[in-house]
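Engineer: show me how the following folds:
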Amino acid sequence: MKDLKQQVIWITGASSGIGEALVYEGAKHGARIVLSARRLEELNRVARQSKVSEEDFMILPFDLSDTTCAKAYVETILRKFGRVDVLINNGGQSQRAEALDTDADTERKLFEINYFSAVNLSKAVLPVMLKNGGGKIVVISSIAGKFGFYLRSTYSAAKHALYGYFESLRLEMEKKGVSVLLVAPGKVKTNVSLNAEAGAGKSHNKMDESHEKAMSAEECARQIIAAMLDDKEEVLIGGKELLAVKIKRFFPKLFGKIIRRQSPY
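Structural biologist: Residues are numbered from 1 along each chain as shown. Next up is the predicted model:
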């Protein structure tokens, strides 16, 4: 992409964390922005703070656990902007519970939020992008999509699944003008651990120490936008924790020893 000026960018999970930071970063680049998340009042707050003019933003609230109306959401956007140039599948929910403490309904919910929402929204928006000559789909996976970790079984599985699906979709779409960027953030200072599923429908409700000291959401968003503009296919964002990806690939036995010594939090 050359630039984002007047590009219509649809961001899920836009009410906080990386999604909120992406709204502000997109606004700096002159984009027109569609903000989606569950909490209408928080979306209104982010829209105000972004200082984007009313004609250049749209608030479209919905819950990622149910995206059966994905086509209707796209039609709503088209009525205002007439196009969608970029979809950023950012919204999600983490996990802080052992596999045996995570029931089947919770596992399905985590997959709906972290995997099926991205698939459903992307499939709803792709015909519009193809009709308009191209576009970009950005998928926020996680370092947990590269290897499993304590208390993350279902979350990690969903993030792994994003790689399989969207790397395949990239191959199918690239000659048709639609590119796919996969993003794997490591530790970023957001409320992801606070809102993590802790089993039995409960939230973890505390900030992990590793996240408290992590990269800011603003810096993460800046790097995501930079990767979009550079037409990268994948970007890993974070600190020293990213070394684990290379260690696993080249020194799997050493990786096993290191990962077992890490704190789940």
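
Engineer: what about the helices in the stretch 1-150 of the chain?
Structural biologist: 17-28, 40-50, 70-81, 104-111, 117-131 (DSSP state H, counting those that start in this stretch).

Engineer: how about CSV for the ones you listed, with distance to R260, mean neighbour count and mean pLDDT added?
Structural biologist: Backbone N, C-alpha and C define where each C-beta goes, glycine included. Below are these laid out as CSV (distance: least, C-beta to C-beta, whole Å; neighbours: other C-beta atoms under 10 Å; pLDDT from 0 to 100):
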stretch, distance to R260, mean neighbour count, mean pLDDT
helix 17-28, 29, 24, 98
helix 40-50, 38, 16, 97
helix 70-81, 40, 16, 98
helix 104-111, 24, 16, 96
helix 117-131, 31, 20, 98
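
Engineer: to L229, which of those lies closest?
Structural biologist: Nearest to L229 among those is helix 17-28 (11.0 Å), distances taken as C-beta to C-beta.

Engineer: what's next to that closest one, contact-wise?
Structural biologist: The contact list for helix 17-28 (C-beta atoms under 8 Å, 6 or more residues apart in numbering) reads 4, 9, 11-14, 33, 35, 37, 46-47, 49-52, 88, 90-91, 140, 185, 188, 190-192, 216-218, 220-222, 224-225.

Engineer: distance of L171 relative to G135?
Structural biologist: Here L171 is placed at a distance of 16 Å from G135 (C-beta to C-beta, to the nearest Å).

Engineer: can you tell me the closest non-neighbouring residue to L126?
Structural biologist: Of all residues not flanking L126 in the chain, V178 sits nearest, at 6.6 Å (C-beta to C-beta, 6 or more residues apart in numbering).

Engineer: who's in contact with A217?
Structural biologist: Counting by C-beta under 8 Å, 6+ apart, A217 touches G17, I18, E20, A21, V188, K189, T190.

Engineer: turn the residues you listed into JSON lines, including distance to K28.
Structural biologist: Output for these, formatted as JSON lines (distance: C-beta to C-beta, whole Å):
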{"residue": "G17", "distance to K28": "18"}
{"residue": "I18", "distance to K28": "15"}
{"residue": "E20", "distance to K28": "13"}
{"residue": "A21", "distance to K28": "11"}
{"residue": "V188", "distance to K28": "19"}
{"residue": "K189", "distance to K28": "20"}
{"residue": "T190", "distance to K28": "19"}
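
Engineer: nearest to I258, of those residues?
Structural biologist: V188 (20.8 Å).

Engineer: okay, the closest one: pLDDT?
Structural biologist: pLDDT, V188: 95.

Engineer: hey, what's it bridged with?
Structural biologist: Beta bridges link V188 to M215, judged by DSSP bridges.

Engineer: run a quick neighbour tally on it.
Structural biologist: Using other C-beta atoms under 10 Å, V188 has 22 neighbouring residues.

Engineer: so it touches E241, yeah?
Structural biologist: No: counting by C-beta atoms under 8 Å, V188 stays clear of E241, with 10.5 Å between them.

Engineer: so how far is V188 from the most centrally placed residue in the chain?
Structural biologist: By C-alpha atoms, centre = their mean, the chain has its centre lying nearest to N90, at 2.2 Å. From N90 across to V188, the span is 11 Å (C-beta to C-beta).
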